[in-house]
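no sequence on this one, just coordinates:
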C-alpha cells in the first residue's frame with residue numbers, strides 16, 4: 001500500500017504554492033485552489049493511513065486537479081512555481097495511480 005507521508009508532503013507543498021501565488025500576485029484564487037487541493041491530499045493521506053475507503057481516490061483526484069491547472073500554466077509561462085506544482089502533480093499521478101492500479 002501507499003505510505004501516507006507523501007500525501008501530507010504534497011498537501012503542504014500545494015497549499016504553500018497557493019500561498020506563494022497570493023504573495024507574489026495578490027491572487028485570492030491561488031490561495032483558495034492551493035488550500036483546496038492541499039486539503040484533498042491531506043484527507044486522502046489521512047484515509048490511507050487509517051485504512052479507510054477512498055483515500056487513494058482522493059489523492060488521485062487532487063493530483064488530477066493540480067495537473068489540470070498547473071501543467072498548462074507551466075507550458076505557457078515557463079515559470080518556476082507552475083513547473084514545480086506540475087512536477088508535484090505528475091509525482092502524485094504516478095504514485096497514486098500506480099497504487100490504485102495495483103489495488104484492482
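Looks like it arrived, so ask away. Everything quoted here is computed from the prediction, not taken from an experiment. Residues are numbered from 1 along each chain as shown.

going forward, measure contacts between C-alpha atoms and count neighbours the same way
Fine.

What's the first helix or strand after the helix or strand of the chain with the lowest mean pLDDT?
For the chain, scoring each helix and strand by mean pLDDT, DSSP states H and E identifies helix 5-25 as the least confident one, at a mean of 87. Toward the C-terminus, helix 5-25 is succeeded by helix 28-49 as the next helix or strand (DSSP states H and E).

sorry, back to before: list the helices and strands the least confident helix or strand of the chain packs on?
Secondary structure elements in contact with helix 5-25, counted by 3 or more Cα pairs under 8 Å, 6 or more residues apart in numbering; DSSP states H and E, are helix 28-49, helix 80-103.

Quick check: which of the ones you listed is buried the most?
Between those, the one whose residues have the most neighbours on average, counting mean count of other Cα atoms under 10 Å, is helix 28-49 (a mean of 22).

Packing partners of that helix?
Contact partners of helix 28-49 among helices and strands, from 3+ Cα pairs under 8 Å, 6+ apart: helix 5-25, helix 55-77.

What residues sit buried inside the last one?
Using 16 or more other Cα atoms under 10 Å as the burial criterion, the residues of helix 55-77 that qualify are 55-67, 69-71, 73-74.

just to revisit the earlier point, can I get the helices and strands packed on helix 28-49 in CSV with distance to residue 45?
What follows is the helices and strands packed on helix 28-49, written out as CSV (distance: least, Cα to Cα, whole Å):
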stretch, distance to residue 45
helix 5-25, 5
helix 55-77, 6
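
Would you tell me which of those helices gets closest to residue 42?
Of all the helices and strands packed on helix 28-49, it is helix 5-25 that lies closest to residue 42, at 5.3 Å by Cα to Cα.
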